[in-house]
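> need a 3D model of the following:
(one chain, ligands or ions: 1)
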Amino acid sequence: MELSVNVDHVATVREARGGTQPDPVYAAMVAELAGASGIVCHLREDRRHINDRDVRLLREVVKTRLNLEMAATEDMVSIARELLPDLVTLVPERRQERTTEGGLNVVDQRHYLRTVVDVLHEAEIQVSVFVEPVLEQVEAAADIGADIVELHTGHYANATTSKTAQQELHRLQNAAEFARTLGLHIAAGHGLTYDNILPICRVHAIQDVSIGHAIVARALYVGFEQAVRQMVELIRYGRLLPPLGLR
Ligand code: PXP
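Numbers count the residues shown, from 1 in each chain. This next block holds a predicted model:
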């Protein structure tokens, strides 16, 4: 399982003072040196953390895989076509939200999203869609021609009892196994931490995880390189654990 590091919150700290430090571009380079397999950033309509300069420079320096998270709007699609990230992850976006709150409703927007996927494919950009671990959404992701489905792990991460966490884990596993039968590449993310990543590693159908906040938070104590390295090592260890049984 590969780790993609989301550098949005490095930019959040920079924006707290409106200066130039810390720089998400520098953080991305350190993350790659520490073993990250990809770099993720979310260019929001309100540019509250990552901005246009960041994505331009990230495109230049990222040597692994640059994943641009964005809303499926015409403006963002045209930025992606100019920038040419390796992949785009389509996410829902609401101005008032603190972070991405739910998965994209692909079922209800099949027609429009299919055209977005086609336009991105024309530019040779792979497309991932961020969805709830719900079979209908996964099926719709395959139907619109997405290459990758990123399963929303937020409900798993926010579970307050071990019973709910187990239930959410099995929901993720079912969705991942189903996505595999449809030939999709499977990623997962949102709210994953050093404390809750191991059970996710036991879901072998999940091939990638995208993690931001937990790594940036730990970096304050141990440094960015060490924080990424610790997550890479934890994931490597987690993959050696027995796979989660099917339900
Ligand atoms: N995946 C997606 C689609 C996201 O929107 C986010 C948050 O920006 C993440 C992964 C990373 O979440 P976190 O910062 O909680 O690790």
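
> need the residues of this protein near the ligand, please.
Within reach of the ligand by CB under 6 Å from any ligand atom, the chain has these residues: 6, 8, 42, 69, 89, 91, 99-100, 130, 150, 189-192, 210-214. Where you see a C-beta, it was placed from the backbone N, CA and C, and this is true even at glycine.

> would you tell me which helix is longest in this protein?
helix 162-181 (DSSP state H).

> residue 188 looks like it's in a strand, true?
Yes. Assigned with DSSP: H, G, I helix; E, B strand; the rest coil, residue 188 falls within a strand.

> wait, doesn't it sit right on residue 171?
No. Using CB atoms under 8 Å as the test, residue 188 is too far from residue 171 to be in contact (11.5 Å).

> between these two, who's got more neighbours?
A direct count of neighbours by other CB atoms under 10 Å for residue 188 and residue 171 places residue 188 higher, at 26 against 18.

> quick one: low-confidence ranges for the chain?
95-97, 99-100, 246-247 (pLDDT under 70).

> ok, now which ones touch the residue nearest the centre of it?
The centre of the chain sits closest to residue 210, judged by CA atoms, centre = their mean, with a distance of 4.0 Å. Residues in contact with residue 210, defined by CB atoms under 8 Å, 6 or more residues apart in numbering, are 4, 6, 38, 40, 67, 89, 150, 187, 188, 189, 190.

> any chance of those residues in CSV, plus distance to residue 104?
Output for the contacts of residue 210, formatted as CSV (distance: CB to CB, whole Å):
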residue, distance to residue 104
4, 18
6, 17
38, 20
40, 16
67, 15
89, 9
150, 9
187, 14
188, 15
189, 13
190, 12
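
> just give me the closest of the residues you listed to the ligand.
residue 189 (3.1 Å; CB to the nearest ligand atom).

> list the contacts of that closest one.
Contacts of residue 189 (CB under 8 Å, 6+ apart): 4, 6, 130, 150, 151, 152, 153, 209, 210, 211.

> and if we set it to 6 Å?
Counting by CB atoms under 6 Å, 6 or more residues apart in numbering, residue 189 touches 150, 209, 210.

> which non-adjacent residue is nearest the last one?
Among residues not flanking residue 210 along the chain, residue 189 sits closest, at 3.4 Å (CB to CB, 6 or more residues apart in numbering).

> could you do residue 211 as well?
In space, and not counting its chain neighbours, residue 211 is closest to residue 192: 4.9 Å by CB to CB, 6+ apart.
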